[in-house]
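J.: okay, predicted coordinates and the sequence, questions at the end:
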2 protein chains.
Amino acid sequence: MKIDTFIIKLNHWLTGYYKCQKAINIMLNKLNLFMKQKLFFLLLIALAINSQKSVAQDKIVHDAEYYILEAQNGEKWAQDDKSVDAKLAEFRKKNDGKSPNIIYILIDDIGFGDLGIPELNAIRGYKTPNINRLATEGMRFARMYTEPSCTPTRVAFMTGRQPHRNGMGETAVDIAGFGLAEKEVTIAEVLSESGYNTVHIGKWHMGDIKEAWPNHQGFDYAAFPIHQQGQLTIFNDDAANEEVTIGIGKNNYDDKFTLDNWFRPDASHMVVGCEGYKGENIKEVHMEAGERWTQAKYDEMNDRYQAQTIEHLGKLAAKDEPFFLQYWPLIPLTGPRATNAKYTTPNGGNYVEEMKRLDGWIGEIMDEMDKLGVTENTLLVVMGDNGHFTKYSPQSGFTPMIYRGGKGDATEGGVRVDAFVRWPGMIGEYEIVGDMVHVSDLFTSIARFADATDKIPTDRIIDGVDQSALMLEGETHGRRDHVFIYSGNSMKAVVKEQYKLMVPAAGENAILAKFYDLFRDTREEYPVSTEVGAWGGAEFVRIMQRHNQRMELYPRELPAFGIPYEGIDNLRPESKAAVAAFLEKQSAASK
Amino acid sequence: MKIDTFIIKLNHWLTGYYKCQKAINIMLNKLNLFMKQKLFFLLLIALAINSQKSVAQDKIVHDAEYYILEAQNGEKWAQDDKSVDAKLAEFRKKNDGKSPNIIYILIDDIGFGDLGIPELNAIRGYKTPNINRLATEGMRFARMYTEPSCTPTRVAFMTGRQPHRNGMGETAVDIAGFGLAEKEVTIAEVLSESGYNTVHIGKWHMGDIKEAWPNHQGFDYAAFPIHQQGQLTIFNDDAANEEVTIGIGKNNYDDKFTLDNWFRPDASHMVVGCEGYKGENIKEVHMEAGERWTQAKYDEMNDRYQAQTIEHLGKLAAKDEPFFLQYWPLIPLTGPRATNAKYTTPNGGNYVEEMKRLDGWIGEIMDEMDKLGVTENTLLVVMGDNGHFTKYSPQSGFTPMIYRGGKGDATEGGVRVDAFVRWPGMIGEYEIVGDMVHVSDLFTSIARFADATDKIPTDRIIDGVDQSALMLEGETHGRRDHVFIYSGNSMKAVVKEQYKLMVPAAGENAILAKFYDLFRDTREEYPVSTEVGAWGGAEFVRIMQRHNQRMELYPRELPAFGIPYEGIDNLRPESKAAVAAFLEKQSAASK
């Protein structure tokens, strides 16, 4: 590397602000020798000039669009920040100098309007009284965006980063040998470093390799299944018997033509629930060698996670330090009906019944919080991870109602979810805010509430913006007016204010690219390609260009790869065989 | 046929229950002379036996399905009736012996979820604070069904009868020479006969002939446009200039090829707003001969109706008798934008802005009710008349959000609307009831509240069932589990409980007729033709057969026909010419 390039890079590093390397390179190529000879001198000047700016190095690195908003709203934000700081200081003073506890409940496959709106409960024929109560006790984000499926949303929350940045944009169902990289900094690590006790219970779904697991990603203790409901409730023999799944399970076909016994997965051979402590190996629980995994065991697993959540809530509340308790239930997602003893809603849907059960559990947690005296000093967050699993419409009982599409789709139905935050005395009661929020914003905001913003890494783009002012000051105090909707590493849509561009596929006529007005057309059924696109087309292209340019500075990374199940102490023989088969299949192409 | 069989059948007739006249005729033809000679004697015996039951002849005549529910729920209903009677008696005792006042506000083209749900306000980018407040002060019908367009819904409310029974199933836009027949008994007549003072303000839209007008249909006073918003805000020159309407208006085309000057309607030549007293001729107001009708005049008309509502509310409240005030606003339906001075919602839609204006007006009415001291003794009903006008999606700002389709459609989006009733102390606060209700049920229920059930005619089918128990006793006390969805005289769909059958069109495969589960699939996108149709197919056919059989007993009738505008004192010359042209065109086919 030449000295001039180095100096420029150094300068860049010192200012901490992004810039276009290409433009700089062109500039540098144009510099004459005389200029180059003076570089060392210039470096000294730059260091002097940037002595103040160099503090900015520690600032969170955002995506381009953020800086455009900051340039226009920075003064208002600074005022809000003062007010937020004062409120947080006041809270800590009252709370023995401690930051609030955090409880984060993330529900699978729930679209906007499923929870917390009694009128919509009524037209669907079920009730969620506990979550409806929660809705009146705290704030509803009316425009909470997630990623369009489970793993990406969980990664975005845990890291504050959209998963296309760290290779976690895709969802794995069975043994896959990859996961969230150790070098990612999770909210559990941020809080743990700031003195929080941290526990994770329930779904994790960010990899089957050791470094990806919650007890290696910042949690003191974790109880979680290695995989997800695909294995646990859709691949089991009961599901196969009801033809929820086809082609797997015992006694569902005559295998006389089978040559490849590694082709069809066997849920019972995969690892199920595990438990373990920070940095240690984990243990599989609740399965003996040779045992079959069943829907009854899935139900027991769900009951266990609820019981463990209550148990750990008590333990955490008894300690001196603040806590971060993360509970990611597996239900309402469920496969076969046969093992469910009772259906009690007029709706009668399989998921709806499970949702009713989960609503009761959330009520139990809120009651337990009251009993333990932690309601007032805890930020409680309850939300969905993505839209409906439309494949299970209508039998699940949940079919997209307000937005179009569901899980996996770039329409609002895929990424708009119910989301509630409660923090009595700090966040208003029954507030409904129309400001845009992305799930990654919780990472940044929770860090702020925990006085841990300085633990957020500044060497990578953090997509989450600080929404603490929105929560503490109310509607119109949000700091986001845009979101990029990805599927894997592919950008599918861009939302700015109420306007949405569906990114045209290759070969599609860009002049007729589909724009939607999300206020006037919530279901994205009436494109305003000329009415909005006429002025918005060029502007949205620039938004995407800025976003992409920024990725040249901070390129995408791959996830971590490794041997599945390493670090599980009591691996069953059939699971060992399944890993061996996986590795054999992995190497087949390069033989 | 044996004499005992005959007596039983005769007895059945005397008790006032429905029967098949054809069967009786056949029976009678089979009677031998001997039997016939004894008939008079037998009739006397039967009359004696049935002396008490014969009172039942005065009972409301319902459609077939009602009697199936009554057979199973009659005892519970009788208990509810006792409780309702006691509550009404108690109310009248406290209210100087008087029945409650009734205020009925019917809003044009509002789908379910547009009003009274702050969460849905937020995702659409506007607020209806006054109606949201109303929602918390009274009961929301979560399953209020209307007819799929303006005129039919208004007829169903006014007469308690689905408009296919009285020829009012179609909606007329311009001069048409027909309307609601004098022989129909309206709720205004029922209440008027029971001592109520009655006033109608705003849209009427049930005909351009004298006998159809509100002051000839039971109202002491009425201020109303003869036609509807098609003329008033869509046909005007401003709308034509914005190309909301094409082909009409001044200076919008070169008429050099025009031979037929009667082809395109001229809104300014049609009669606009009229006012008049019971039984008298009416007068057109606010238009001079030769004047052009404009959007500004439409706005003034809306302001006037609001002012008149407030004015008459005061006058009615000052009188000794209870009152029935009907206010049917024309907005939010509106055509051109240019004349609207300000847009104040983030949504920005034309209708949405008008809805915000109307919400303020409804707040004004509620405030005025407080001021006049009539809040406590008034049943206030606010609801939509049918779903969205989807042709104006998305520019109106209202696009179907929860249900599929809108005005004119047999999907739920056409017929499910926001509906609220408030009666402090009698109807619970912020109650949301999932029981099915049809707009015609208000006819029967309001009559009950007014102690005027005996004024309901018993010589025709009344589709409205008494839902007073639902309102006063709460959820699950409703008396309807079905609705027939018509377009004109054509049955499009049948709903029973949460199941809906889209009536197959001619030539469609009946085995695959589309059934929907409305709880699990609110948008009717996933037919359950086998899952529900397998058992429901035969049952729904029987439901339709019973309904059709009943129409053989009580056949459909035509509307009243007449000379348009007869009975208007100050008809402008251009309106006279328009009538002459209409009559000439009407006779052209038979020349």
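T.: That came in fine, so what should we check first?

J.: for A:M491, which non-adjacent residue is spatially closest?
T.: Nearest-residue entry for A:M491: A:V503, 5.4 Å, with adjacent residues in sequence omitted and distances by CB to CB, 6 or more residues apart in numbering or on different chains. No exception for glycine: its C-beta is placed from N, CA and C like everyone else's.

J.: for that neighbour, give me phi and psi.
T.: In terms of degrees, to the nearest 10, the main-chain angles of A:V503 are phi -60, psi 120.

J.: next, count neighbours for it.
T.: By the other CB atoms under 10 Å in any protein chain shown criterion, the neighbourhood of A:V503 contains 19 residues.

J.: hmm, it is touching A:Y486, no?
T.: No: in terms of CB atoms under 8 Å, A:V503 does not count as a neighbour of A:Y486; the distance is 10.0 Å.

J.: can you tell me which residues contact the residue nearest to A:M491?
T.: For A:V503, the residues meeting the contact criterion (CB atoms under 8 Å, 6 or more residues apart in numbering or on different chains) are A:491-494, A:513, A:544.

J.: buried subset of those?
T.: Neighbour-count burial (16 or more other CB atoms under 10 Å in any protein chain shown) applied to these gives A:491-494, A:513.

J.: got a markdown table for those residues, with secondary structure and pLDDT too?
T.: Putting the buried ones among the contacts of A:V503 into a markdown table (DSSP: H, G, I helix; E, B strand; the rest coil; pLDDT from 0 to 100) gives the following:
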| residue | secondary structure | pLDDT |
| --- | --- | --- |
| A:M491 | strand | 97 |
| A:K492 | strand | 97 |
| A:A493 | strand | 98 |
| A:V494 | strand | 98 |
| A:A513 | coil | 92 |
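
J.: out of those, who's nearest A:R154?
T.: Proximity of those to A:R154 (CB to CB) peaks at A:K492, which lies at 19.0 Å.

J.: ok, the residue nearest to that closest one when sequence neighbours are not counted - contacts?
T.: In space, and not counting its chain neighbours, A:K492 is closest to A:A410: 3.5 Å by CB to CB, 6+ apart. Applying CB under 8 Å, 6+ apart, one finds that A:A410 lies in contact with A:148, A:485, A:487, A:492-493, A:502.

J.: same check, this time on A:W361
T.: Taking CB under 8 Å, 6+ apart as the contact definition, A:W361 lies against A:306, A:329.

J.: would you agree it falls within a strand?
T.: No: A:W361 is assigned helix when assessed by DSSP: H, G, I helix; E, B strand; the rest coil, not a strand.

J.: and it, how far from A:D237?
T.: Distance, A:W361 to A:D237, using CB to CB, to the nearest Å: 26 Å.

J.: now do A:E119
T.: For A:E119, the distance to A:D237 equals 40 Å [CB to CB].

J.: what residues are shared contacts of A:V503 and A:Y486?
T.: Counting by CB under 8 Å, 6+ apart, the residues touching both A:V503 and A:Y486 are A:K492.

J.: max-length helix in chain A?
T.: In chain A, ranked by residue count with DSSP state H as the criterion, the top helix is helix A:64-94.

J.: please point out which parts of that one sit buried.
T.: Burial within helix A:64-94, assessed by neighbour count using 16+ other CB under 10 Å, is assigned to A:64-66, A:69, A:77, A:80, A:84, A:87-88, A:91-92.

J.: of the residues you listed, which is the nearest to chain B?
T.: Here the nearest of the buried residues of helix A:64-94 to chain B, counting by CB to the nearest CB, is A:L69; it sits at 17.0 Å.

J.: spit out the contact partners of that closest one.
T.: A:L69 makes contacts with A:479-481, as judged by CB under 8 Å, 6+ apart.

J.: closest to A:R154 out of those?
T.: If you rank the contacts of A:L69 by distance to A:R154 using CB to CB, A:R480 comes first, at 19.8 Å.

J.: find the nearest non-adjacent residue to that closest one, please.
T.: A:M436 (4.7 Å).

J.: checking the one you found next. Helix, strand or coil?
T.: Going by three-state DSSP: A:M436 is strand.

J.: and if you look at A:G116?
T.: When states are read from three-state DSSP, the local structure at A:G116 comes out as coil.

J.: now do it against chain B, distance only.
T.: Distance of A:G116 to chain B, given as CB to the nearest CB, to the nearest Å: 8 Å.

J.: that residue touches A:F420, doesn't it?
T.: Yes: with contact defined as CB under 8 Å, A:G116 reaches A:F420; the gap is 6.4 Å.

J.: now do the shared contacts for these two.
T.: Both A:G116 and A:F420 are contacted by A:131, A:134-135, A:140, under the criterion CB under 8 Å, 6+ apart.

J.: and those residues, which is closest to chain B?
T.: Comparing those against chain B with CB to the nearest CB picks out A:R140 as the nearest, at 6.4 Å.

J.: the closest one is in what secondary structure piece?
T.: Under the assignment given by DSSP states H and E, the secondary-structure element containing A:R140 is strand A:139-145.

J.: what's the next helix or strand after that strand in contact with?
T.: If you walk from strand A:139-145 toward the C-terminus, the next helix or strand you reach (DSSP H and E) is helix A:150-159. Helix A:150-159 is contacted by residues A:104, A:106, A:108-109, A:146-147, A:161-163, A:166, A:168-172, A:180, A:184-188, A:203-206, A:217, A:228, A:328, A:385-386, A:438-440, A:442-443, A:463-464, A:486 when judged by CB under 8 Å, 6+ apart.

J.: tell me which of those fall in helices.
T.: The helices, defined by DSSP H, take in A:187-188, A:439-440, A:442-443 from the contacts of helix A:150-159.

J.: could you dump those residues to JSON lines with pLDDT?
T.: As requested, these are arranged in JSON lines below (pLDDT from 0 to 100):
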{"residue": "A:I187", "pLDDT": "98"}
{"residue": "A:A188", "pLDDT": "98"}
{"residue": "A:V439", "pLDDT": "98"}
{"residue": "A:S440", "pLDDT": "98"}
{"residue": "A:L442", "pLDDT": "98"}
{"residue": "A:F443", "pLDDT": "98"}
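
J.: who wins on neighbours among those?
T.: For those, the largest number of neighbours (other CB under 10 Å) sits with A:V439, at 31 neighbours.

J.: next one: that residue from chain B, what distance?
T.: Here the distance between A:V439 and chain B works out to 17 Å (CB to the nearest CB).

J.: contact partners for that residue?
T.: By CB under 8 Å, 6+ apart, the residues touching A:V439 are A:144-147, A:153, A:156-157, A:383.

J.: likewise A:A212?
T.: So A:A212 contacts A:178-181, A:206, A:560 (CB under 8 Å, 6+ apart).

J.: just to revisit the earlier point, between the ones in helices among the contacts of helix A:150-159, which sits nearest A:A538?
T.: Closest approach to A:A538 among the ones in helices among the contacts of helix A:150-159 (CB to CB): A:S440, at 27.4 Å.

J.: who in the stretch 401-550 of chain A is up against chain B?
T.: By the rule CB under 8 Å from any CB of the partner chain, the part of the stretch 401-550 of chain A lying against chain B is A:401-402, A:416, A:432-434, A:498, A:517-523, A:525-526, A:528, A:531.

J.: so where's chain A shaky on pLDDT?
T.: In the predicted model of chain A, residues A:1-57, A:339-341 satisfy pLDDT under 70.

J.: again, 50 this time
T.: Counting by pLDDT under 50, chain A contains low-confidence residues at A:1-3, A:5-56.

J.: I figured A:E431 hits A:H477, correct?
T.: No: proximity of A:E431 to A:H477 does not meet the contact threshold set by CB under 8 Å, at 11.2 Å.

J.: which bits of the stretch 201-350 of chain A sit near chain B?
T.: Taking CB under 8 Å from any CB, the part of the stretch 201-350 of chain A that reaches chain B is made up of A:346-349.
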